[in-house]
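*Asks:* Give me a model of this one.
(chains A and B)
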Amino acid sequence: MTLLLAALGLLVAGGAASLLCRRSHRAANLIGAGSAAAACALGLVPAVTGLVGGGARLESAWSVPGGSLALAIDPLSAFFLVPLFGLCGLAAVYGAGYLSRAPGGRSPGPPWFYFSWLVAGMVVVVTARNAVLFLVAWEVMSLASYFLVTRDDEREDVREAGWTYLVATHFGNACLIALFALLGPRSLDFADFGPASHAGLLFVLALIGFGTKAGFMPLHVWLPEAHPAAPSHVSAVMSGVMIKMGIYGLLRTLTWLGPPPLWWGGLLIGAGAASGVVAVMFALAQRDLKRVLAYSSVENTSIIALGLGVGLVGLHDGTPGVAILGIAGALLHVWTHALGKGLLFLGAGAVLHATGTRDLDRLGGLSRAMPLTSATFLVGAAAIAGLPPLSGFFSEFLILYGAVQHAGLHSLAAMVGLALMSGLAAAAFVRAFGGVFLGVARDDGVRGAHDPGAAMRAPMAILAPALLVLGLATPVLLPALTPVVEQVGGLPARRVLEAATAPLAVVVLGSVILIALVALIAGLRRLLLAGRTVGAAVTWDCGYAHPAPRMQYTASSFAQPLTDLFGPVLRARRTGDAPRGLFPEAAAFATRTPDVVREAAWRPLFDLVSGALHAMHRLQHGRLHLYVISIALTLVVLLLWRLS
Amino acid sequence: MSGYAGLLAALLLAPLLPGVINRTKSFFAGRRGPPLLQAYFDLAKLLRKGAVYSTTTTWLFRAGPVVGLAAMLVASALAPFGGVSAPLAFAGDFLFFAGLLGVTRFMTMLAALDTGSSFEGMGASREAQFAALAEPAFLLGLTAVAWKTGGLSLSGMLGTNSFATWSGAAAPLALVCVSLLVVFLAENARIPVDDPNTHLELTMIHEVMVLDHGGPDLALIQYAAALKLWVLGSLVVGIALPVRSLAHGWAFAASVAGMLGLCVVVGVVESCLARLRLTRVPQLLLGAGVLSLLALFIGLK
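*Replies:* Have a look, this model is predicted:
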């Protein structure tokens, strides 16, 4: 606990110090990044010991009504603290390089200040044991990330993104306040929460409130706006860790609500499958690399929800095997996504840094110029697409393996959803990787790129192998996660998890054979080609002597058959002039795929609310004496009410 | 007879299958056709050649065939053959099998995109679309078999396939057979989804993705494609033939005969059907998915 408090103190102090260094950008950058990285390294110690059974607690009184300063590390908290500290530390190192060449001579102090508060807020969220403290930390986390998102506030789209985020996050917070008010009429300490009387209502409130942060469709509207707007190391933290706070909240709530009825699991599976499939379709249709990654995050949290749903269905049906596999798969996917999506956002940041664009249809051919970014991005893409032997496969394996054993309508829905998602996610990531790194650049502006500096390279070089290790270590890791799974599922899990490691061990064996075979065949190929003529030529391209970069398939053309197939869902807008006449001179074509949920559901709602609130503008007239009168009148009315 | 015999048969006999298909097609067209062992000759010839690489390509282009073949080799070790367990059999192995197919596909598409050729991009794009639709049909079909037979591994599902299984669950098994046959045709780039004989038409999918490969790389790709034909075929045959009712040696022989029969079926299909319009292919694959779902509903507890 001492180390955790020290980490929190270091974060707050380092953030403040970095804010004070107004004169020297370099110093602000070094202090901000250094303190955040050091704090994360410190915090990783109690997180890891908490996972292996060394819990800790701290309680003290707090002058806030209903609040007490209760912090604790139990297995569930520790499980979320490990990726939190791990990824935030790496992101801080990356950010030191990323912000060192900040455009426009703006001080990196404020971003580091908010970054530190964001990390500190998340740490308190997962360790808080009192609802008031939890909500305050939740708000700190939300606001700190809001200021990070709106860093480039001179841009219209960034202000818009920030506004959407602010509204969405407070919509979620409102549900959370209602949730905690209903949970704890007597005491707001988590320890006093128990099986509630109207658990169904509470579950829905938690699903909406935490689901907004986790980005379940249709509550995801802020996510594809906010992730691209933030600096890349912040996007990595927001996507890799912050949206998982929603998952954490949901898991924590489940530990209070008692045994789940069947419809909870059904709701999670249905929402997860629908939201994931639609999200991955949108990922396929985006041109902006970071928006692709953002939609993929929606898909991945949906997979987590789906796994959890399988778990709840299993709990209800009294099939502990299914329950534990679903929950374990969902949990493992939390780590997979933290590492994988963190890595991918860092890679996208390196690309943005090197080329100044995130447009898939302008990029291309960067694998030559940026070998490290390219190779690590490939690993991240394959892991998120759920390919063996990387960890994404293992988490999806556990969920499917649980669903197969259930043999019911719910598990059927889960399997259909997951099978569709995994095929489409592979297409989305082949497209994203191909568009950025393969072929040749489609635009002169992006030539001359190169890998970023050491501070930005190192985190990517650490995260990529970590995904392989996490995958291959699953049989060892899974039994170690027993306490976490037991805490969420509320039933003994050790034997089921140990039984589940037997097939996983064979998967690992198969993966090792796969890697060995790759090495063997590569060696054979090299041996065969040694001493023979190995020539070089242009891409053959069916007889074109001079293939030009613009003849390449772009990312948009790659996705076209699929986006056409899903046209009724995506509702892409096409604009352009078709070539006319015998000798057409100009022609243009463009497609845009705005978020259908945002356009159809949220925008009318926003318009309605802002229209209704316009009437209140009459109160904001700027005449001070009228303000004073209204305040005085209000006080008088309150006084009279109190007296009567 | 252990599962290794099946693996050995896959490794040795896989290149025979394209020969059988081609001979069937030749028979229907009234031609003599290439020798049955043509694929072996091609492989031997390609392995002796040098290579030409596009200057656009990177290490990924060279890694594509290598990783693709490695994944198919591991997949071969997962597929049971002749009514006995596969060398690598475990609960849930069909999920790993699907993952390995995914790895091969992923690397093939990336290697195609690496050339920067618009044709190869087109092929990769179509492959991505069709694979995304074939995957649910494949996974759900095998899940239906798992629920019906109570086996969670491919060997458990197919290795116990006897007359009793079929008489107990003829409807779902037949549905899955049809569904997997469609997946088999789509995944192996056969008519009615793809035409393996065209390189340069706008109809191509798999062949166009490997257009820039030559020499030993092309040999790896062709061998991997033959293995894919074999392992996916062995699943279809494994479900269709209740070989568990036979003695081991006979079961093995029956399975080999089944594989050859499947190739004849493919040849007949290719001789009698035209390739579907590309916009119709998703409907075919979704239809296969629906058949799998139907099989699952029938098998639902």
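*Asks:* now A:Ile177, nearest residue through space, not along the chain?
*Replies:* Sequence neighbours aside, A:Leu135 is the residue nearest to A:Ile177 in space, at 6.6 Å (criterion: CB to CB, 6 or more residues apart in numbering or on different chains). (C-beta placed from N, C-alpha, C; glycine too.)
*Asks:* That neighbour contacts A:Phe180, correct?
*Replies:* Yes: using CB atoms under 8 Å, A:Leu135 makes contact with A:Phe180 at a distance of 6.8 Å.
*Asks:* Name the residue in the two with the higher neighbour count.
*Replies:* With neighbours defined as other CB atoms under 10 Å in any protein chain shown, A:Leu135 and A:Phe180 compare such that A:Phe180 has more, 23 against 19.
*Asks:* Tell me how far that one lies from A:His198.
*Replies:* Per CB to CB, to the nearest Å, A:Phe180 is found 14 Å from A:His198.
*Asks:* Same question for B:Ala295.
*Replies:* From B:Ala295 to A:His198 the distance is 41 Å (CB to CB).
*Asks:* Same drill for the two, tell me which one is more crowded.
*Replies:* B:Ala295 (27 against 10).
*Asks:* what about A:Leu315, helix or strand, and which?
*Replies:* A:Leu315 belongs to helix A:289-317 when assigned by DSSP states H and E.
*Asks:* what's the spacing between that helix and its chain's center?
*Replies:* 11 Å (CA atoms, centre = their mean, to the nearest Å).
*Asks:* need the next SSE after that helix, C-terminal direction.
*Replies:* In N-to-C order, the element after helix A:289-317 by DSSP H and E is helix A:320-355.
*Asks:* Could you confirm whether any residue of the helix or strand hosting B:Ala5 contacts chain A?
*Replies:* Using DSSP H and E, B:Ala5 maps to helix B:3-13. No: applying CB under 8 Å from any CB of the partner chain, one finds helix B:3-13 out of contact with chain A, separated by at least 12.1 Å.
*Asks:* which other residues reach that helix?
*Replies:* By CB atoms under 8 Å, 6 or more residues apart in numbering or on different chains, the residues outside helix B:3-13 that reach it are B:73, B:76-77, B:79-82, B:84-87, B:89, B:155, B:227, B:230-231, B:234, B:252, B:255-256, B:259.
*Asks:* The closest residue to chain A within the stretch 51-200 of chain B - nearest residue in space that isn't next to it in sequence?
*Replies:* Taking CB to the nearest CB as the measure, the stretch 51-200 of chain B has B:Gly121 as its residue closest to chain A, at 2.4 Å. Using CB to CB, 6+ apart and skipping residues adjacent in sequence, the residue nearest B:Gly121 is A:Tyr553, 2.4 Å away.
*Asks:* For the one you found, grab the count of nearby residues.
*Replies:* 24.
*Asks:* For it, give its distance to A:Val440.
*Replies:* 12 Å.
*Asks:* do A:Gly523 as well
*Replies:* Counting by CB to CB, the gap from A:Gly523 to A:Val440 is 30 Å.
*Asks:* So which of the contacts of helix B:3-13 reach chain A?
*Replies:* Among the contacts of helix B:3-13, chain A is touched by B:73, B:77 when using CB under 8 Å from any CB.
*Asks:* Report the contact partners of the closest residue to chain B within chain A.
*Replies:* Going by CB to the nearest CB, chain B is nearest to A:Tyr553 of chain A, at 2.4 Å. Residues counted as contacts of A:Tyr553 (CB under 8 Å, 6+ apart) are A:439, B:113, B:118, B:120-122, B:124-125.
*Asks:* Could you check the pLDDT of B:Ser162?
*Replies:* Reading off the confidence values, B:Ser162 has pLDDT 77.
*Asks:* Report how many residues lie close to it.
*Replies:* Neighbour number of B:Ser162 under other CB under 10 Å is 15.
*Asks:* Skipping adjacent residues, who's closest to it in space?
*Replies:* Closest to B:Ser162 by CB to CB, 6+ apart is B:Arg244, at 3.9 Å.
*Asks:* returning to what we had before: quick check: phi and psi at the residue of chain A closest to chain B.
*Replies:* For A:Tyr553, the backbone dihedrals (degrees, to the nearest 10) come out as phi -70, psi 130.
*Asks:* buried ones in the helix or strand encompassing A:Val45?
*Replies:* According to DSSP H and E, A:Val45 maps onto helix A:25-51. Using 16 or more other CB atoms under 10 Å in any protein chain shown as the test for burial, helix A:25-51 gives A:25, A:27-40, A:42-44, A:46-47, A:50-51.
*Asks:* average model confidence for stretch A:31-43?
*Replies:* 89.
*Asks:* Need the contact partners of it.
*Replies:* Contacts for stretch A:31-43 (CB under 8 Å, 6+ apart): A:3-4, A:6-8, A:10-11, A:13-15, A:17-18, A:21, A:81, A:84-86, A:88-89, A:92-93, A:95-96, A:99, A:108-109, A:111-113, A:115-116, A:119, A:123.
*Asks:* Tell me the buried residues within the residues you listed.
*Replies:* Buried, going by 16+ other CB under 10 Å: A:3-4, A:6-8, A:10-11, A:14-15, A:17-18, A:21, A:81, A:84-86, A:88-89, A:92-93, A:95-96, A:99, A:108-109, A:111-113, A:115-116, A:119, A:123, out of those.
*Asks:* quick one on the thing from earlier: what is the orientation angle of the helix holding A:Leu315 with helix A:320-355?
*Replies:* Orientation check (axes from the mean of the first three to the mean of the last three CA atoms, to 10 degrees): helix A:289-317 against helix A:320-355 gives 170 degrees.
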